[in-house]
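**Student:** sharing a model prediction with you, sequence too.
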Amino acid sequence: MNVTDISKGISSAGISEKEPFSARSLFIRWESILILLIIIVVIINSNISTHFLTVRTLFNMTFNFMELGIIALIMSFVIIIGQIDLSVGSNMAMSAAVMGINYQMGVNMWVAVILGLLAGTLGGFFNGVLITRVKIHSIIITLGTYSLFRGIAYVILGDKAVSSYTEKFLYLGQGRIGNSPVPVELAIFSVLAVIFGIILHKSRFGRYMYAIGNNELASRYSGISVDRIKVIIYTASGFICALAGVLFSSRVSVTRPNMGEAFLFEIVTVVLLGGVSIYGGQGTIFGVVLSLFLVGMLRYGLSLVNVPSNVMSVIIGCILIFAILLPKVLRRVFAVR
Amino acid sequence: MKNLDTNTQHRGQLLRRISGRREIVLSAFIIILIIAVSIRSPYFLTISNFKNILLDSSLLMILAIGQMMVIITAGIDLSVASTLAFSGMAVGLIVSNNGGIHPLLAILMGTGIGMVIGSLNGFLISKAGIPPIIATIAAMVIWRGSTFIISGGAWVDAYEMPYSFKQIARNTTLLVPNLIFIVIIVSIIFYYFLGYTKTGRQIYAFGSNPDAARFVGINVAKINFLVYMFSGTLAGLGGVLWVSRYASAQSNTATGFELLTVAACVIGGVFIFGGTGTITGVLLGSFLLSIVANALNQIRISPFWKLAIQGAIILIAVITDSILSRRVERTLREGGGS
Amino acid sequence: MDKTILRLENITKTFTGTLALNKVNFELNAGEVHAIIGENGAGKSTLIKVISGIHQPDSGSIYLNDNLVSLNNSLLAQKHGIATIYQEPTIFPDLSIAENVYMGHHEYNPVTRHIKWKKIHDNTVKLLESLEVKLDPRTMVKNLSAANQQLVEIVKALSQNSQILIMDEPTSALTLSEVKDLFKIIKHLKNSGTSIIFISHRIEEVFEIADRVTVLRDGHYIDTRDVSDVTIDELIKMMVGRVLKDMFPKIKIERGDPILRVEALTKARQFYNISFELHKGEILGFSGLIGAGRSELARAIFGLENTDSGKILVNGKQVYIHNPVVAMNYGLAYLPEDRQHQGLVLPMDITDNVTLPILGQFTKMGLVNTGRETKVAKKYADMLDVRASGLWKKVFELSGGNQQKVVLAKWLATDPKVLVLDEPTRGIDVGAKASVHKFMGELASQGIGIIMISSELSEILGMSDRIIVMCEGKITAEFTRKEATQDKLLSAAVGLSGGQKNKDRVKAKK
């Protein structure tokens, strides 16, 4: 099929396919800055503690933020499609509570785990259905479920905790793979990170996600099942939060209804610091992983100098603000793209 | 040629009746709830109980008014509870160490602290362009952490506080408890401000269409700054009153309270995307929430249900709201259609 | 009255690399309606942005009533009495008419800062009445029709005693009867001494309402003529710089078998009992006023909305289309009205946009083969002669005409048997328009059935083999190309044939 243009001639080569390579664009990337910051933190931390740069320590350090990490992975999906999920910490607690109470009532450990996972997944599904059917912004819906799920956790457990889990269960959160120093949790996180990365950057689903985050209406008009994708992502979020709840209970050997209360803020910080735009449509898994480790190492380093956790929160709060300001400043300085 | 939109005229009146209707619906709901609960628990319908409810809700009302202004500009302020805690703790510490401070001065200090925090938020959001949800979440964490820091984790107890301070919340002025008095004053001030002053109307304009606002010469940075400053100021005021009322300053004061302020606004008809909202709606919304909280206590529901029910109420309220308002909009728009 | 109240001399304006205005002159006389026309990119909107203070010229001077002025920002221009109404209404939907009119210059008591509501409402009513319009000033603007919203902007200009009113494509979202109302108001304003600058792509309107017309081309000032003294062809020649042969290429098509058939399709409040047939190789034009239900019908056929009753048959077999994916499987494609918000994902590049609906074709086990994808995107981008430095360019950087080509490429890549085009040439210049039309003809000759929804009568009359007219959700007439005339189409569009309600009651749906 050929169309001859009336007013102008056609160039025989047509439109060009390959973008010319620019080394500059490689360096002025968000991820590069993160890598730089990580290096700085590593240097500082090693100065604080000579043991820091050992394999053992590094692996041990990851224990602290793996649950955070897997939720950060799914949260970046949620934010990339232009939504938010404020209920993640509460979902975590609710799922763990379901698991805990069942176990306490005599149900087999692993059946209890499955029930917990199911509860969280259902919670996520509930979010997804409400958000797509009721056409209210996800911020309000998940604000409601933030209360509701947390409340359910309290209703289930009262103010009691569940402990004395089986050894096999505790292995999930505290154990390592075989004889290696690699924690099971880190392995789980890594596998999930790779899966999420492939989905986001290489798959059709990921492409749809970016389209939705940038222009939901046009995506609909192009035949993308936007609602289905939203429900899928929120359901996945529920499942991941449940998994995080299970892992956390396993790591600290106890399930309390106030689990994960401070998580939301940390997760949002990690995701935004990772280069995901709060407006949607932008961001990479690699960036989020980098930022997770950056924040994790920073916290670890601060704890080495006995900085109390509240002060840490203050510091991280400031980092969050910094994380947002930086791209704006950079944009103005480089005035391109 | 006449554009005889008499239909529009009628619809205009209908619209006014309907937006008034929301307040009517809320009031009706409140009345039904009161009746239902008092059947189950007769103590509910007593004057002293109602006084409690009003006093409880007054703190919520004060902060909700600030939150409303922020939401009207399509923003959100999640830092109000932390601001309240910080200002309350700061003032609590100060008065417990300087017994001779005049209560009015204490109020002023708390309000001032809130104003500073709110201004910081406003600056970050309006000048530095940080999205409100992020700036205020960060502020929430920062000021909550700071509350821990300045208190060293300790509480300021009742016996450490001078009598005059504790009486702020308990005294009456003109037979009306101080707290309620303050609420009335604040409501009137902002009712007037939002309805009858240029800047107040500009807040609505900005929320309705920020680009158009810029275009007609509204100083949008100023407006954006102002609403967060107001919100912080009111939260600061709330902090002093809270600490005075409960005679205790704790580092975890009012955790989760920011949620309630948003809930009060949403229930009260403030549209989350900005542009609309009334003081009366917000007051009614706050009142409703307080009644529910009080009623739950009365019916002796275990306190663990509180959070769950709160969440359920928010969800039910927004869902019904969305369904109803869509139906209303469809009939009102000239011709409807997509 | 030939007093020049506004004069622009040698205005030049560059935007990083592009010369938008090149020594442009412009003169506006008092009390005249002066149209500015030109292709996309000719510099019309830049020119009016210079006049309204949004852009400052690099060189050249502006004289207001023979006084040199610097319009450094839009507020300053407004203070000088220049009011501008853009295509995107700058209104506050949640506020009342009166507030919209007075926002920015409320009447208030400077001491108590108390706004005088009663005075504002009364003034608004007076202003509305001066235009012979009756509306309750307390009505929330979001509940008004597009035409009335525009009216609010006009009233706002009046309330500021503007001597110059600039209107950028004011008729693009209006129904025919609303356009007539608007023109009456413009005449009103003219009689009371306001001078009006009017930008439009619809040349017929220029002849209807303007006194003089200025033509711009590629940033250059070409000429200013009295409307009574010039022909459409001359204007087009000035705009395009060459003679356009055959604005609407007449192609003789062998009409094929029916490919799409709709029977008694109904959706409450949008369209009723719609039945028609589309043949292979045919261009079926859908004419009617805005709000007649044509886009709603198209969206329903494409599965974006559901229907209450009725049948859709593709190639004789009944199909149930409940979402766009199903529609695409049956070979349907829908090019939406609003290309920026419905047709394109602006921050993404050309490749992503073109392949969005057909990603499944390059997907194996969920993963996308970007090599094949780029090749396909290139094929269709070249087919439509999309002009850009590369496929990686983000779509928001392209011109309106090129953006429309990308949307067309996207839907063409789905290999449609039925192509529904909703206002395919809206807001694009004459050159690009002609190439889109020629392309449509080629597609039809390949056997694709085309439904073209358009509000431009000349386009409908020139391109369609058959024309269906809709009014208020119902089909009021069907004509072949030979039978159709402008009058017949108009009558059917307002429902006069068939004895329905009269013109005044025609409402506009948004």
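**Tutor:** Structure received. Residues are numbered from 1 along each chain as shown, chains lettered A, B, ... in the order given.
**Student:** quick one: least confident helix or strand in chain C?
**Tutor:** Lowest by mean pLDDT, DSSP states H and E among the helices and strands of chain C is strand C:108-109, with a mean of 58.
**Student:** okay, now the sheet partners of the very next helix or strand once past it, with direction.
**Tutor:** Downstream of strand C:108-109, the first helix or strand assigned by DSSP states H and E is strand C:114-115. Paired with strand C:114-115 in the same sheet, following DSSP bridges, are strand C:108-109 (antiparallel).
**Student:** who does C:Phe26 bridge with?
**Tutor:** Assessed by DSSP bridges, C:Phe26 has beta-bridge partners C:Leu8.
**Student:** contacting residues for it?
**Tutor:** Counting by CB atoms under 8 Å, 6 or more residues apart in numbering or on different chains, C:Phe26 makes contact with C:6-8, C:11, C:36, C:47, C:214, C:221, C:224. Any C-beta I mention is one placed from the backbone N, CA and C, and that applies to glycine too.
**Student:** and those as CSV, adding secondary structure?
**Tutor:** Formatted as CSV, the contacts of C:Phe26 follow (DSSP: H, G, I helix; E, B strand; the rest coil):
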residue, secondary structure
C:Leu6, strand
C:Arg7, strand
C:Leu8, strand
C:Ile11, strand
C:Ile36, strand
C:Leu47, helix
C:Thr214, strand
C:Tyr221, strand
C:Thr224, strand
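**Student:** quick one: which of these is most hemmed in?
**Tutor:** Counting neighbours by other CB atoms under 10 Å in any protein chain shown, the top entry in these is C:Leu47, with 28 neighbours.
**Student:** so it makes contact with C:Ile11?
**Tutor:** Yes. Between C:Leu47 and C:Ile11 there is a contact under CB atoms under 8 Å: 7.3 Å.
**Student:** so what's in contact with these two at the same time?
**Tutor:** With CB under 8 Å, 6+ apart as the test, C:Leu47 and C:Ile11 both reach C:21, C:24, C:26.
**Student:** now do the phi/psi pair for residue 301.
**Tutor:** By default, I'm working from chain A. The phi and psi values for A:Gly301, taken as degrees, to the nearest 10, are phi -60, psi -40.
**Student:** tell me the spacing between it and B:Met89.
**Tutor:** Going from A:Gly301 to B:Met89 by CB to CB, to the nearest Å gives 28 Å.
**Student:** more neighbours, those two?
**Tutor:** The residue with more neighbours, out of A:Gly301 and B:Met89, is B:Met89; 28 against 20, by other CB under 10 Å.
**Student:** and the helix or strand that that one is a member of, what's buried?
**Tutor:** Per DSSP H and E: B:Met89 is located in helix B:80-97. Within helix B:80-97, the residues scored as buried using 16 or more other CB atoms under 10 Å in any protein chain shown are B:80-96.
**Student:** stretch A:29-41 now?
**Tutor:** Within stretch A:29-41, the residues that qualify as buried are A:30-31, A:33-34, A:37-38, A:41, counting by 16+ other CB under 10 Å.
**Student:** same check on stretch C:8-15?
**Tutor:** Buried, per 16+ other CB under 10 Å, within stretch C:8-15: C:8-9, C:11-13.
**Student:** also stretch C:206-218?
**Tutor:** For stretch C:206-218, a neighbour-count test (16+ other CB under 10 Å) marks C:206-207, C:209-217 as buried.
**Student:** one more: stretch B:100-117?
**Tutor:** Buried, per 16+ other CB under 10 Å, within stretch B:100-117: B:101, B:103, B:106-107, B:109-111, B:113-115, B:117.
**Student:** again with stretch A:171-182
**Tutor:** A:172-174, A:176.
**Student:** and for stretch A:142-158?
**Tutor:** Under 16+ other CB under 10 Å, the buried positions of stretch A:142-158 are A:142-157.
**Student:** now do that stretch: distance to the chain's middle.
**Tutor:** Chain-centre distance of stretch A:142-158: 21 Å, with CA atoms, centre = their mean, to the nearest Å.
**Student:** cool, stretch B:227-245 as well?
**Tutor:** The answer for stretch B:227-245 is 10 Å, by CA atoms, centre = their mean.
**Student:** by contact count, what packs against whatever helix or strand A:Leu192 lives in?
**Tutor:** Here A:Leu192 sits within helix A:184-202, counting by DSSP H and E. Judged by 3 or more CB pairs under 8 Å, 6 or more residues apart in numbering or on different chains; DSSP states H and E, the packing partners of helix A:184-202 are helix A:55-62, helix A:66-80, helix A:167-174, helix A:204-214, helix A:226-252, helix A:285-304, strand C:367-368.
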